[in-house]
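Undergrad: Return atomic coordinates for the entry below.
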Amino acid sequence: MPCLEMKVAALPHPSPATRLRALLERPGAAVLRRNYVAEAPGHDDRQLRNRIRIAAVLAVNLTDPPNSIEGASPGDTIAEVPKPVRPISSQPADPLATSFAKGLEIWMADSDRAACVYADADEIPGALAMFDAYLRLTRFPPAFQRLDHRLVGLNYGFREGLTIAIEGTPAEAPPEEETFFDCLAPIAEIEDFRETRFRVRLPDAGLAFFHDLLRSASAWLDANSYPNILGSK
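TA: Got it, this is the predicted structure:
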């Protein structure tokens, strides 16, 4: 049966690749956060809940707040929080520097350790599209049965290095340098010996569980923005 496999490098990228992580790790910033732990009604498997969790996050930099309210009409500004004057610098602006960010904290755990990967809100539609493609395959059994039983061939990569993939039971053979590039497939059946990665594999039920968590978090982010984190909406 297909399973959900999540892989991420054992060590995080030295510099942020998402606006959410860049804001949360910004030196000297006083960050106000509002979190929502995504729920997936109907999934009562404790093992799944202990191995994967998704939290939707709104974050604002209080020491450098945005000029305008997201979603407000032009001219509506926040008069209560004066924006400090930024010093003029010859250095190029950081493309990820921001005063407000919304996205996900994706927690994955096995029996010995856990990892947290950040994702921006604009990455969610791509991940949902992967699950939608899988559901289309399952509705057409002849096409689904023609797929390699070991590899389904659907995956999505987040900017911070997390890869989620839908695949079957992988081969147990360890990688060998001489034959590694001869056996590559759309999703590798074996671990890449060139990089240490943290991997969590969820059973077949984990596909629907993760999909429902993503949809729940996405709906909350769509309904919440900058005014919500300040309590003005």
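
Undergrad: who does the helix or strand containing Leu58 pair up with?
TA: Following DSSP states H and E, one finds Leu58 within strand 52-61. Partners of strand 52-61 in the sheet, by DSSP bridges, are strand 31-37 (antiparallel), strand 100-109 (antiparallel).

Undergrad: Identify, out of the ones you listed, the most deeply packed stretch.
TA: strand 100-109 (a mean of 22; mean count of other CB atoms under 10 Å). Glycine gets a C-beta too; all of them are placed from N, C-alpha and C.

Undergrad: which residues sit against the helix or strand that comes right after that strand?
TA: Downstream of strand 100-109, the first helix or strand assigned by DSSP H and E is strand 114-120. Defining contact as CB atoms under 8 Å, 6 or more residues apart in numbering, one finds that strand 114-120 is touched by 8, 12, 16, 18-21, 24, 101-109, 158-162, 198.

Undergrad: Give me the distance between Leu162 and Ala115.
TA: 9 Å (CB to CB, to the nearest Å).

Undergrad: Give me the more crowded residue out of the two.
TA: Leu162 (22 against 17; other CB atoms under 10 Å).

Undergrad: Surely that one and Val8 touch.
TA: Yes. Taking CB atoms under 8 Å as the definition, Leu162 is a contact partner of Val8 at 4.5 Å.

Undergrad: can you pull the contacts of Asn35?
TA: Asn35 makes contact with Ala55, Ala56, Val57, Leu58, Glu105, according to CB under 8 Å, 6+ apart.

Undergrad: Please settle this for me: is Pro14 part of a helix?
TA: No. Counting by DSSP: H, G, I helix; E, B strand; the rest coil, Pro14 is not found in a helix; it is coil.

Undergrad: now it: how far from Gly161?
TA: 11 Å.

Undergrad: Which of the two has more residues huddled nearby?
TA: Using other CB under 10 Å as the criterion, Pro14 and Gly161 rank with Gly161 on top: 16 against 5.

Undergrad: Surely that one touches Ala10?
TA: No. Under the criterion of CB under 8 Å, Gly161 makes no contact with Ala10, lying 10.1 Å away.

Undergrad: Would you check which pair of the contacts of Asn35 lies furthest apart?
TA: The most widely separated members of these, counting by CB to CB, are Leu58 and Glu105 (11.6 Å).

Undergrad: what's the angle from the helix ranked longest in the chain to strand 52-61?
TA: Of all segments of type helix in the chain, defined using DSSP state H, the longest is helix 205-223. If you take axes from the mean of the first three to the mean of the last three CA atoms, to 10 degrees, helix 205-223 sits at 20 degrees to strand 52-61.

Undergrad: Do I have it right that Glu39 meets Ser216?
TA: Yes. In terms of CB under 8 Å, Glu39 counts as a neighbour of Ser216; the distance is 5.6 Å.
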